[in-house]
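1. need a 3D model of the following:
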Amino acid sequence: MPGTTELSDKAALCYLSAHGFDMAVQPGVGGRIVSLSFGGVDVFQPDARPDAMRVFDAGCFPLVPFSNRIRGGTFEFGGCPHTLKRNWDGDEHAIHGEGWTSAWTVTHQDDASIRMWMASAGWWPWTYECSQLIRLLPGRVSLSLKVTNLDTSAMPVGLGFHPYFPRNDQTQLQFNAAGMIEPMNHGPLQVEPLTPTTDFSQDTAVRLRDLDHGYAGWDGVAIIRQPEEGLEITVRTNASPAGAVVYIPPSAPFFCFEPVSQINGAFEMDQTVETGLHALKPGESLDFSVAIDVEKRPDAPDRKDSSA
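-> Down below sits the predicted model:
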């Protein structure tokens, strides 16, 4: 049922339910989605312990005001050097911005949608605000971010979402991209040609890969097939150019396909590379939207029968 749980204020969950979708959102913990199901089947890997308030490894969280990593937390923009504090003990770099570490305020909620808001808290060198809108539509989940520069100088911005999808032996992923980017610990980042291991232009079993790679020139459509559950999930974005990140940790029950507006390494690449990193002037805004279309195949297993 739509509403709010009785957990602590920060851990409280907001529930949405419409068009066959059921969703739990945790605004106080990174404005994240804790779980998403369609017809009783998990679309996102659910968080079994939302009271633990762990953002990683389940659900989906927003990437604001940049995605992936900034090497050592240091970068130059507009001729000025900047240094960010390390924001996760598990990484030596600044990672995923500050949306996931922030408490978001709910400004509207109904059965089929929730709108949340957060403002920069001093970690990022510029002042900004961000709104996030989540909507349940017939056959589709719509995710949107809008960042507005409230500072007196231009600021760099890249946006994205970090969903975790369930993974089993039959899970398949397919998308087209122009090139790939190695993980940051491989050295200076650049866009490189796809290899047999990093190419997903054909349906590829996720279990066969062990990756944490970025992609440039993604065409904006990715298809995830879950034959065991009878689901086909299509991820789309409005970004052009679009980037993506594929994270497939070995033996994990999930994998990530992260749609982003800014490719990995954007803060350190040559300016001749089309990175998708935006320079927002004071008062300007950047919108980023993702649609997750979910279709249940006619031959999908009956969840009610299987649980009887």
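
2. next up, the contacts around Asp42.
-> If a contact means Cβ atoms under 8 Å, 6 or more residues apart in numbering, then Asp42 has Ser35, Leu36, Pro166, Glu229 as its contacts. For glycine as for every other residue, the C-beta is placed from the backbone atoms N, C-alpha and C.

3. Val245 too?
-> Residues counted as contacts of Val245 (Cβ under 8 Å, 6+ apart) are Ser67, Asn68, Gly160, Asp212, His213, Gly214, Tyr215, Cys256, Phe257, Glu258, Val260, Asn264.

4. what lines up beside the helix or strand encompassing it in the sheet?
-> If you go by DSSP states H and E, Val245 is part of strand 242-248. Strands adjacent to strand 242-248 in the sheet, as given by DSSP bridges, are strand 211-218 (antiparallel), strand 254-260 (antiparallel).

5. pLDDT of it, averaged?
-> The predicted model assigns strand 242-248 a mean pLDDT of 96.

6. could you export it as PDB, CA atoms only?
-> This file holds the C-alpha atoms of strand 242-248, laid out as PDB (Å, rounded to 0.1, in the frame of the first residue of the first chain):
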ATOM      1  CA  ALA A 242      25.100   9.000 -23.700                       C
ATOM      2  CA  GLY A 243      27.500   7.000 -21.500                       C
ATOM      3  CA  ALA A 244      27.000   3.900 -19.500                       C
ATOM      4  CA  VAL A 245      28.800   1.800 -16.900                       C
ATOM      5  CA  VAL A 246      28.700  -2.000 -16.600                       C
ATOM      6  CA  TYR A 247      29.500  -3.500 -13.300                       C
ATOM      7  CA  ILE A 248      29.500  -7.300 -13.000                       C
END
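
7. coming back round to it: now, which of the contacts of Val245 sits nearest Thr83?
-> The closest of these to Thr83 turns out to be Asn68 (Cβ to Cβ; 17.7 Å).

8. roughly how far does that closest one sit from Tyr15?
-> Between Asn68 and Tyr15 the computed distance is 30 Å (Cβ to Cβ, to the nearest Å).

9. neighbour-wise, which of these two wins?
-> For Asn68 versus Tyr15, neighbours defined as other Cβ atoms under 10 Å are more numerous around Asn68 (30 against 18).

10. name the SS class of the closest residue to that one other than its chain neighbours, please.
-> Leaving aside its chain neighbours, Asn68 sits nearest to Asn264 (4.5 Å; criterion: Cβ to Cβ, 6 or more residues apart in numbering). For Asn264, the reduced secondary structure class is coil; criterion used: DSSP: H, G, I helix; E, B strand; the rest coil.

11. surely Asn264 touches Met184?
-> Yes: in this structure Asn264 lies within contact range of Met184 using Cβ atoms under 8 Å: 7.4 Å.

12. looking at this protein, which helix or strand is least sure?
-> helix 303-306 (a mean of 48; mean pLDDT, DSSP states H and E).

13. ok, Ile95 - how many residues close by?
-> Residues near Ile95, counting by other Cβ under 10 Å, number 22.

14. would you check that it makes contact with Ser67?
-> No: between Ile95 and Ser67 there is no contact, the gap being 9.3 Å when judged by Cβ under 8 Å.

15. and the strand holding Val245, how far out from the chain middle?
-> 9 Å (Cα atoms, centre = their mean, to the nearest Å).

16. just use 27 as the starting number from now, easier for me
-> From this message on, residue numbering opens at 27, which makes the last subject strand 268-274.

17. my reading is that Asp77 lies in a helix. Confirm?
-> Yes: using three-state DSSP, the secondary structure at Asp77 is a helix.

18. wait, what's in contact with the closest residue to it other than its chain neighbours?
-> Here the nearest residue to Asp77 in space, its sequence neighbours aside, is Ala37; by Cβ to Cβ, 6+ apart that works out to 5.4 Å. The neighbourhood of Ala37, defined by Cβ under 8 Å, 6+ apart, consists of Gln52, Gly54, Val55, Pro76, Asp77, Met79.

19. mind listing the strands for the stretch 177-326 of the chain?
-> Remark: strands of the stretch 177-326 of the chain, listed N- to C-terminal, are 181-183, 186-192, 198-201, 205-207, 230-231, 237-244, 247-252, 257-263, 268-274, 280-286, 304-306, 311-322; assignment by DSSP state E, counting those that start in this stretch.
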